[in-house]
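Asks: predicted model and sequence below, questions to follow.
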Amino acid sequence: MTSKAKSSDVKVLKGQEAEDAILQYLKRMNRPFGAVDVAANLKGAVPKATTQKILVVLAEKGEIVQKTCFFVANQTRIDAVSADRLTELEIECKTIEESNNVLAAEVKIMTAELSKLKNCPTDEELDAQIAGEGGSNEPICPTFVPTKIAQLTQRLISLRSGAPLISAEELAKVDAACIRFPPQDSNMLVEDLAIEFDSTEHNALEKGPLCAIQGTNTRSNLKRKRV
């Protein structure tokens with residue numbers, strides 16, 4: 001029932017229309033066909049017996065060439081591809097091949113990344129591990145992670161609410177240290193502490209015989225104590 005309904009929808013060609021349809025089909029496909037194949041590929045527009053007769057007529061006219069029981073469009077009457085067009089097609093083919101190589105490399109990288117992701121635990125598995133319900137993957141200390149998360153969350157809440165980063169006592173200690181030891185350069189520190197350095201005469205005196213060691217009794221040295 002279905003095949004009859006389909007065949008009834010196809011317009012049956014006759015005469016010159018059938019001959020033109022078969023010739024155009026052979027030229028478009030440009031490969032050998034038998035009468036049965038041509039009739040089937042035309043969806044029944046030309047009956048098989050009529051197709052066989054038309055193919056013979058076309059062969060006699062020189063429109064197609066008969067090879068045993070197959071027919072093919074006459075190659076001398078088909079436009080050949082020019083050399084320039086062939087060069088363009090070769091360049092296009094090479095470009096497509098290069099693009100395919102790039103895409104293949106990207107696919108390889110993405111496949112490796114996908115394999116890594118598949119080996120990673122899912123969100124549900126991570127939640128189970130954090131909750132201490134991971135089975136063989138259970139953390140060493142199940143209560144550590146939730147406690148640490150709670151502590152960090154509480155600290156984050158205090159920071160978001162505008163709480164100081166350090167306590168008032170710590171700030172007071174820092175202020176006291178700054179007052180006791182104010183930052184200054186070395187020259188200012190020497191002046192503030194009234195430090196005196198040895199002069200050239202002092203250095204010569206210490207190197208002279210008056211401050212030299214006499215005997216084994218070092219207590220008799222007159223070497224001046226440096227400040």
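Replies: Arrived safely, thanks for sending. Residues are numbered from 1 along each chain as shown.

Asks: for stretch 43-61, C-alpha coordinates in CSV please.
Replies: Taking Å, rounded to 0.1, in the frame of the first residue of the first chain, the C-alpha atoms of stretch 43-61 are listed here in CSV:
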residue,chain,number,x,y,z
LYS,A,43,12.1,7.0,-8.4
GLY,A,44,10.0,5.4,-11.1
ALA,A,45,9.6,8.5,-13.2
VAL,A,46,10.6,6.4,-16.2
PRO,A,47,9.6,2.7,-16.3
LYS,A,48,12.4,0.2,-16.4
ALA,A,49,11.5,-1.1,-19.9
THR,A,50,11.3,2.5,-21.2
THR,A,51,14.6,3.4,-19.6
GLN,A,52,16.4,0.5,-21.4
LYS,A,53,15.1,1.7,-24.7
ILE,A,54,16.0,5.3,-24.1
LEU,A,55,19.5,4.3,-23.1
VAL,A,56,20.0,2.4,-26.4
VAL,A,57,18.7,5.4,-28.3
LEU,A,58,21.0,7.8,-26.5
ALA,A,59,23.9,5.5,-27.2
GLU,A,60,23.0,5.5,-30.9
LYS,A,61,22.9,9.3,-30.9
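
Asks: contact partners of that stretch?
Replies: Under the criterion C-beta atoms under 8 Å, 6 or more residues apart in numbering, residues 7, 10-14, 18-19, 21-23, 26, 35-36, 38-39, 42, 64-66, 71 lie in contact with stretch 43-61. The way it works is simple: take the backbone N, C-alpha and C, and place the C-beta from them, glycine included.

Asks: and those residues, which of them are in strands?
Replies: Under the assignment DSSP state E, those contribute 64, 65, 66, 71 to strands.

Asks: which parts of the chain are helices?
Replies: Chain-ordered helices for the chain, with DSSP state H as the definition, fall at 2-9, 15-29, 35-41, 48-61, 83-119, 123-130, 144-160, 168-180, 186-193, 200-207.

Asks: just the angle for the fourth one relative to helix 15-29, thanks.
Replies: If I follow you right, that is helix 48-61. Orientation of helix 48-61 against helix 15-29 (axes from the mean of the first three to the mean of the last three C-alpha atoms, to 10 degrees) gives an angle of 80 degrees.

Asks: list phi and psi for residue 32.
Replies: The phi and psi values for residue 32, taken as degrees, to the nearest 10, are phi -70, psi 140.

Asks: that one reaches residue 64, doesn't it?
Replies: No. The criterion here is C-beta atoms under 8 Å, and residue 32 misses it with residue 64 at 9.8 Å.

Asks: please identify which of the two sits among more neighbours.
Replies: residue 64 (25 against 17; other C-beta atoms under 10 Å).

Asks: quickly note the distance from the more buried one to residue 199.
Replies: 123 Å (C-beta to C-beta, to the nearest Å).
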